[in-house]
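J.: Structure for this input, please:
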Amino acid sequence: MGCMFLSLPPSLPPSLLFSFSPSVRRSTSSYSLINQTYSLSIPSLPFLRNYRSCKQDCDRALLHLPSNLKAHYRKARACHALGHYAEAINTCTAGLAHCPPSLPPPSSPSRNESGNTPVAAPSSSPPSLPPSPEDENRVLLSSTREKSVKLLKTQLQNETDRIAAREGRKAGRREGLKEAWLVCEERGVKVGEPCWNEGGQGGGEARRQVEALPRREEGGREGGRAVWPLLLLYPEYLTSDFVEAVEEEEMLALTLAEVLPEDGEGEGGREGGAAPWDRRWDYKCSQVEIYFQAMREGGREGEVLGSEEEYVKSVERFYGLCGVGGDDYMREEAREEREEELARKNVWRDRGEYWVNVHVACSLMDVMKHEDCVVPATCPTLHVFVRGSEAHQAFLAETEGKIKELLPKGLMGK
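T.: Model prediction:
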């Protein structure tokens, strides 16, 4: 219908062909055509809340005409809506550089000595027009910049508060770790790296294990008794029990009686008796054997943490691996450090590992003070088997009977 078809530049969206006004269609400059076309498409995008596309079209328009104030303003509004306040401020500043300068404020008429305003002499020339108001584009860009500056300050303050809160939480955990290290040091307990299994310890069990720390009993002083976490592993079923607080001088038989009751009626026992995974109800405190893995002195090189600093760093890295504290610790950095360390340690060498059968009359402290016991990150770990079961027999065959025995004080070993 009389339309004049043009050959469009490659960067121009074909969908905008029929939005050209006659003045645009008559334009002879490709750059002017592109700039005006994008300027026509931009106003509808913020209304549709398509801020990213609006920002992209503004960038394209400004690429061809940097002095396009409408593109500067609409890009700034789009950045403001997206929360990119720093970019909105820079865009407003760039647009203000192309605006006409601000007019000076009108000066008040001078007064004579008597305080009266002198009357101007009549003039034959026509009265001058009042000065034009400040440029509208400058007002809009300045207003948008002020809003973005205010919100950017709020955003930065919130981020500062968030970082401070995170560091406060980490400092609180670090104090707990230092106290746990002091408890171990007082008792001569050797502490090793936390145990980490990518497939089996990625959930809440790993977090509970590493967050439960040894602590002195309420009101206890330095050198007094403490309570410890305890992890019980059941290799036959590839599952575990976690006990948060075990008195260090209490017989293990008492803890086992609570976790693996004889009749299910014991205080703290499982409701209904056996655990869901123990369908045959084989795991009773009187029918189990417990073991821990020991490591001879010559094989402990690099396995035992030698200082409080090493211990804190190791456990905080573990926090990152299993998600303790949400995003308080960097997971990827912790994972990379752990992989590098495992690559160094996986070079085969004889660590002198062997198993120790623990008598149930022993206390947890008897286990931890064993000359070759290394406690993984302050959480003692015991392996539990039903005496004489197939899993127990397979375990004994695998170890070829190279098992030592730990008896309570006053009893003679075999």
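J.: Sketch out the strands for the stretch 51-200 of the chain, chain order is fine.
T.: Along the stretch 51-200 of the chain, the segments classed as strands by DSSP state E, counting those that start in this stretch run 191-192.
J.: likewise the stretch 301-414 of the chain?
T.: For the stretch 301-414 of the chain, the strands defined by DSSP E, counting those that start in this stretch cover 353-358, 375-376, 381-386, 403-406.
J.: now these in JSON lines, with distance to Lys75, mean neighbour count and mean pLDDT?
T.: Quick note: C-beta positions are derived from backbone N, CA and C, even for glycine. Output for these, formatted as JSON lines (distance: least, CB to CB, whole Å; neighbours: other CB atoms under 10 Å; pLDDT from 0 to 100):
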{"stretch": "strand 353-358", "distance to Lys75": "65", "mean neighbour count": "17", "mean pLDDT": "92"}
{"stretch": "strand 375-376", "distance to Lys75": "56", "mean neighbour count": "20", "mean pLDDT": "87"}
{"stretch": "strand 381-386", "distance to Lys75": "60", "mean neighbour count": "20", "mean pLDDT": "94"}
{"stretch": "strand 403-406", "distance to Lys75": "74", "mean neighbour count": "14", "mean pLDDT": "92"}
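J.: out of those strands, nearest to Ser142?
T.: strand 375-376 (62.0 Å; CB to CB).
J.: in the stretch 51-200 of the chain, which ranges drop under the pLDDT threshold?
T.: Judged by pLDDT under 70, the stretch 51-200 of the chain has its weakly predicted residues at 102-133, 195-200.
J.: Save the strands of the stretch 301-414 of the chain as JSON lines, and put in distance to Val183 too.
T.: Shown next, in JSON lines, are these (distance: least, CB to CB, whole Å):
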{"stretch": "strand 353-358", "distance to Val183": "21"}
{"stretch": "strand 375-376", "distance to Val183": "11"}
{"stretch": "strand 381-386", "distance to Val183": "17"}
{"stretch": "strand 403-406", "distance to Val183": "22"}
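J.: Which among these is found nearest to Leu230?
T.: strand 381-386 (7.0 Å).
J.: Could you list the domains of the protein?
T.: Following the assignment in automatic domain parsing, the chain carries domains at 16-99+138-187, 188-215+225-406.
J.: mind checking the end-to-end distance for the last one?
T.: I take that to be domain 188-215+225-406. Domain 188-215+225-406 has an end-to-end distance of 18 Å (criterion: CA to CA, to the nearest Å).
J.: Quick check: which of the strands of the stretch 301-414 of the chain is nearest to Tyr51?
T.: Of all those, the one in closest proximity to Tyr51, counting by CB to CB, is strand 375-376 (51.3 Å).
J.: Which other helices and strands does that closest one contact?
T.: Where contact means 3 or more CB pairs under 8 Å, 6 or more residues apart in numbering; DSSP states H and E, strand 375-376 is packed against strand 191-192.
J.: which other helices and strands contact the strand it packs on?
T.: Counting contacts by 3+ CB pairs under 8 Å, 6+ apart, strand 191-192 is packed against strand 375-376.
J.: which residues are contacting the strand it packs on?
T.: By CB atoms under 8 Å, 6 or more residues apart in numbering, the residues outside strand 375-376 that reach it are 184, 189-195, 368, 381.
J.: which residues in the stretch 101-250 of the chain form helices?
T.: For the stretch 101-250 of the chain, helices defined by DSSP state H, counting those that start in this stretch occupy the ranges 136-187, 204-211.
J.: TSV for the contacts of strand 375-376, including distance to Glu303?
T.: Shown next, in TSV, are these (distance: CB to CB, whole Å):
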residue	distance to Glu303
Cys184	15
Val189	14
Lys190	9
Val191	10
Gly192	5
Glu193	7
Pro194	12
Cys195	12
Met368	15
Thr381	14
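J.: most neighbours, which of those residues?
T.: Neighbour tally across the contacts of strand 375-376 (other CB atoms under 10 Å): the maximum, 24 neighbours, falls on Val191.
J.: surely Val246 meets Leu231?
T.: No. When contacts are counted by CB atoms under 8 Å, Val246 is not listed as touching Leu231 (10.5 Å).
J.: For Asp241, find the nearest of the strands of the stretch 301-414 of the chain.
T.: Of the strands of the stretch 301-414 of the chain, the one closest to Asp241 (CB to CB) turns out to be strand 381-386, at 8.4 Å.
J.: Go through the helices of the stretch 101-250 of the chain and name the closest to Val374.
T.: Minimum separation from Val374 across the helices of the stretch 101-250 of the chain (CB to CB) falls at helix 136-187, 11.2 Å.
J.: Which other helices and strands does the closest one contact?
T.: Secondary elements touching helix 136-187 (3+ CB pairs under 8 Å, 6+ apart): helix 69-82, helix 85-96, strand 215-216, helix 308-322.
J.: relative to helix 308-322, how tilted is that helix?
T.: Angle of helix 136-187 versus helix 308-322, following axes from the mean of the first three to the mean of the last three CA atoms, to 10 degrees, is 120 degrees.
J.: what angle do helix 136-187 and helix 69-82 make?
T.: Orientation of helix 136-187 against helix 69-82 (the same axes, to 10 degrees) gives an angle of 30 degrees.
J.: And the contacts of strand 375-376, which is closest to Ala275?
T.: Closest approach to Ala275 among these (CB to CB): Thr381, at 18.3 Å.
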